[in-house]
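> any chance you could fold what I've pasted below:
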Amino acid sequence: MRSKLSIGLAIAVAVPAGRAMALRIENGDNPIELDFTEDAAFDYHFAHGNGNIAGPATLPNGNVNFNYDPTSDNYLDWINRFETQFSMGSWHADLRFDSALFANAPQVSDVSSKLGTYLAGLLQNRYVNNFELEKVSASYTSAHLDATVGDFYLSYGRGLVVSLRKIDALGVDTTLFGGTVTARTNGFSANLAGGVTNTTNTDPSTGEVAPDPNDPIVAGRLEYRLKQLFAVGVDGAILWQNRNVLDLTYYQPGQTSLKQYPISLLGFGSVTAATSLPPRTVTQNYSATFELPNLWNHGSAYAELVHQFQQDNPTIQTQGNGLYAGVNLYEGDFTLQAEFKDYSYFEAPTFSSLSPVAFTAFSQQDVYNNPPNLEEIWQEETTTDNTYGPRLRLDWQVSEHFKPYLAFLYFVDKESAYNIYTGSSGLDANWQQHRSHLAFSGGYRREVFNDQSASTGGLHAAEFWLQYDLIQVLTNRYALELDGLHRTHLDQGPLLWDQGYAYLSLRHSRFSASVGIEYYTYATNEYQPWYPNASGSYNINRNLLVRAFVGGREAGLRCINGICRNYPGFNGGTLEIVAKY
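Predicted coordinates:
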């Protein structure tokens, strides 16, 4: 590897979502609008920018230290997104180009050594220059008909059957490239959709690049809604893994059976992978939904039942069922929310055809359905294959300014052979005519081995957490904000680790300044546990905003509603400019 500096630093200049040009042509009742948006980021990563502190490269016995990772050091990247939107009356068109350029990317000088082979594996399909026509679509919208050709998001019900959407916190932006049409009349609505999956190709946090999965999906939904009385629906989706992408797997340096595969069909750049013949999975999900939007002016109810067929190869087929039901009831100052899930051999989420070894940063978050897991949004519990149980929450509006709540859940995880118990409480409070407020919650979660385990009654894991957000207005233009999350987690072993963050901010109508700390102590032998930082922003005028950050952001596992991925840490500084002109 190239020589590295001992102190990590990264500097970024970004212009996200800045409108570079807008054109409007008056055309009677159908004016023509043409908008241009540029989102560009320039980053320079110095040594230890990913928070990795494991070293040296080799152990005393001469073996490679597989925690050693200098592959995020001393490189530059420029990641750009250019989008143009056209609209005229009922018509809308969108065109987006994504590009990524890398300079001074780490390289391996000797791939024949054990260390070189290991580092070459970490650098596989990273820092690949590319330019792609990422999203393109044309849409027509009217009172009774919506139609789109090109890229579109797709989600039915609560996401059990199909869910292709954008999750900014995980860098997920998955669309279906094809066509969709929705027709509505006399309470009936019908949707038909089909195409191949299209994902973002460059992960800015790691520099990893992956091809579009191009997994074929066809889906349809029929619903009948009788005003505010009830709604019934049926929907289904068939999801195929793309054999060509599924064939791409991890390769070793010096391997001869390699394949160059284009990142996308409409762009420049390719990845390198070995080829294999893994079994292809075909998933079929079919569901029925029932909704009561108004329970005698005191609540609402929703239920969804799905049946799944999954074919892993010509001789192996599995079946499963998924059920989600929820009821909201309110009477006077009280609101009760009751939810129930029952997933019996229901494989979810359905992953893309990208190899989890060859494309680590993409495979786990590029998913095509996402059933409710009813846990805290950041909770690492991802298993939904074979679990059931309820979740209850009771809110009490004590006064206009004070609302506490209690919540409890109990799940039986038959796949992992433990039961999950969680109790939590919190409150929302406000004062100074609702200008100042407090949101606070805390809870305890416990996983206990059940009678399907040889360790019945034993503790598998336990966790305590606190989460808070306090804003106190000082004057008409100044306010203080304190927000944070703390988790203390005990795993079987025992292994005790903490994770969380805390920020104190001074806010003004034109500027803000913050100091904070993030921490994650799960793997202290590989990543630094503590990441102090400071940041600020300043509105120079209504069209120009400048943000600055110096310090670190935590490394570790990050989850959003059961979809998880490992993020590298960050150490250094960023400068961000948001301009509209």
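> the residue lying closest to Glu415 once chain neighbours are set aside bridge partners, please.
Closest residue in space to Glu415, ignoring its immediate chain neighbours: Asn386 at 4.2 Å, by C-beta to C-beta, 6 or more residues apart in numbering. (Each C-beta comes from the backbone N, C-alpha and C, glycine too.) Beta-bridge pairing for Asn386 (DSSP bridges): Ser344.
> where along the stretch 151-300 of the chain do the helices fall?
243-246 (DSSP state H, counting those that start in this stretch).
> any stretches of the stretch 1-150 of the chain with poor pLDDT?
When residues are selected by pLDDT under 70, those of the stretch 1-150 of the chain lie in 1-24, 26-28.
> rerun that using 80 as the cut-off
1-30, 38, 40, 47-49 (pLDDT under 80).
> show me the strands in it, by range?
Secondary structure of the stretch 1-150 of the chain (DSSP state E, counting those that start in this stretch): strands at 10-25, 32-45, 75-88, 91-103, 130-141, 145-152.
> I'd like the ones you listed laid out as a markdown table, including distance to Gly299.
Below are these laid out as a markdown table (distance: least, C-beta to C-beta, whole Å):
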| stretch | distance to Gly299 |
| --- | --- |
| strand 10-25 | 39 |
| strand 32-45 | 42 |
| strand 75-88 | 39 |
| strand 91-103 | 37 |
| strand 130-141 | 32 |
| strand 145-152 | 30 |
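> for this protein, which helix is longest?
helix 114-122 (DSSP state H).
> which strands and helices sit next to that helix?
With contacts taken as 3 or more C-beta pairs under 8 Å, 6 or more residues apart in numbering; DSSP states H and E, helix 114-122 sits against no other helix or strand.
> go through it and flag the buried ones.
Within helix 114-122, the residues that count as buried by 16 or more other C-beta atoms under 10 Å are 115-122.
> contact partners of it?
Outside helix 114-122, the residues that touch it by C-beta atoms under 8 Å, 6 or more residues apart in numbering are 1, 57-58, 63-64, 66, 69-71, 106, 108-111, 250, 252-253.
> rerun that using 7 Å as the cut-off
1, 57-58, 64, 66, 69, 71, 108, 110-111, 252-253 (C-beta atoms under 7 Å, 6 or more residues apart in numbering).
> ok, the closest residue to Leu506 other than its chain neighbours - contacts?
Leaving aside its sequence neighbours, Leu506 sits nearest to Ala513 (C-beta to C-beta, 6+ apart; 5.0 Å). Listed by C-beta under 7 Å, 6+ apart, the contact partners of Ala513 are 505-506, 536.
> bridged to Leu95, which residues?
Thr84, Val136.
> would you mind measuring from it to Ser137?
8 Å (C-beta to C-beta, to the nearest Å).
> what of Tyr286?
Distance from Tyr286 to Ser137, counting by C-beta to C-beta: 27 Å.
> ok, now Asn201?
Between Asn201 and Ser137 the computed distance is 18 Å (C-beta to C-beta).
> compare the two and say which is more crowded by neighbours.
Asn201 (23 against 19; other C-beta atoms under 10 Å).
> who does the strand or helix carrying Val515 pair up with?
Under the criterion of DSSP states H and E, Val515 resides in strand 511-520. According to DSSP bridges, strand 511-520 has the following sheet partners: strand 495-508 (antiparallel), strand 530-541 (antiparallel).
> pLDDT (mean, whole number) over the first one?
Think strand 495-508. Across strand 495-508, pLDDT averages out at 95.
> what distance separates it from the centre of its chain?
Centroid separation for strand 495-508 versus its chain: 20 Å, with C-alpha atoms, centre = their mean, to the nearest Å.
> how about stretch 185-205?
Using C-alpha atoms, centre = their mean, the offset of stretch 185-205 from its chain centre is 16 Å.
> can you give me the end-to-end distance of that stretch?
Terminal residues of stretch 185-205 are spaced 46 Å apart (C-alpha to C-alpha, to the nearest Å).
> and for stretch 512-530?
23 Å.
> again, but for stretch 44-61
Taking C-alpha to C-alpha as the criterion, the two ends of stretch 44-61 lie 35 Å apart.
> try stretch 443-455
25 Å.
> in that stretch, what's buried?
443, 445-450.
> turn the residues you listed into JSON lines, columns for pLDDT.
Converted to JSON lines, the buried residues of stretch 443-455 look like this (pLDDT from 0 to 100):
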{"residue": "Gly443", "pLDDT": "97"}
{"residue": "Arg445", "pLDDT": "97"}
{"residue": "Arg446", "pLDDT": "96"}
{"residue": "Glu447", "pLDDT": "95"}
{"residue": "Val448", "pLDDT": "96"}
{"residue": "Phe449", "pLDDT": "95"}
{"residue": "Asn450", "pLDDT": "94"}
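> which ones among the residues you listed are found in helices?
Going by DSSP H, the helices hold none of the buried residues of stretch 443-455.
> ok, so of those residues, who is nearest Gly569?
Arg445 (25.4 Å; C-beta to C-beta).
> which ones are touching the closest one?
420, 422, 462-463.
> which strand residues bridge it?
Thr422, Glu463.
> for Ser344, see how far away it is.
23 Å.
> just Thr148 next, same as before
Thr148 sits 35 Å away from Ser344, going by C-beta to C-beta.
> between those two, which one's more packed in?
Just comparing Thr148 and Ser344: by other C-beta under 10 Å the higher neighbour count belongs to Thr148, 22 against 15.
> in stretch 153-170, what's buried?
154, 156-164, 167, 170.
> quick check: mean pLDDT across it?
Here the average pLDDT along stretch 153-170 is 91.
> again with stretch 345-358
89.
> try stretch 455-475
95.
> what comes up buried for it?
460-463, 465, 467-471, 473.
> likewise for stretch 343-360?
Neighbour counts over stretch 343-360 (16+ other C-beta under 10 Å) mark 343, 346-355, 358-360 as buried.
> can you pull out the strands in the stretch 351-500 of the chain?
According to DSSP E, counting those that start in this stretch, the strands that the stretch 351-500 of the chain contains are 386-396, 402-413, 418-431, 436-449, 459-473, 478-491, 495-508.
> now for the second one, which elements pack on it?
Using 3 or more C-beta pairs under 7 Å, 6 or more residues apart in numbering; DSSP states H and E as the contact criterion, the secondary-structure elements in contact with strand 402-413 are strand 386-396, strand 418-431.
> now do the last one, average pLDDT.
Confidence for strand 418-431, expressed as mean pLDDT, is 97.
> what's the angle from that strand to strand 436-449?
170 degrees (axes from the mean of the first three to the mean of the last three C-alpha atoms, to 10 degrees).
> what is the distance between strand 418-431 and the centre of its chain?
For strand 418-431, the distance to the chain centre is 23 Å (C-alpha atoms, centre = their mean).
> and that strand, what's buried?
418-420, 422, 424, 426, 428-430.
> for that strand, packing partners?
Using 3+ C-beta pairs under 7 Å, 6+ apart, strand 418-431 sits against strand 402-413, strand 436-449.
> looking at these, spot the one closest to His307.
Nearest of the helices and strands packed on strand 418-431 (C-beta to C-beta): strand 402-413, 20.9 Å.
> ok, residues contacting the closest one?
Outside strand 402-413, the residues that reach it (C-beta under 7 Å, 6+ apart) are 374, 383, 387-398, 419-429, 450.
> what's the angle between it and strand 436-449?
Using the same axes, to 10 degrees: strand 402-413 against strand 436-449 is 20 degrees.
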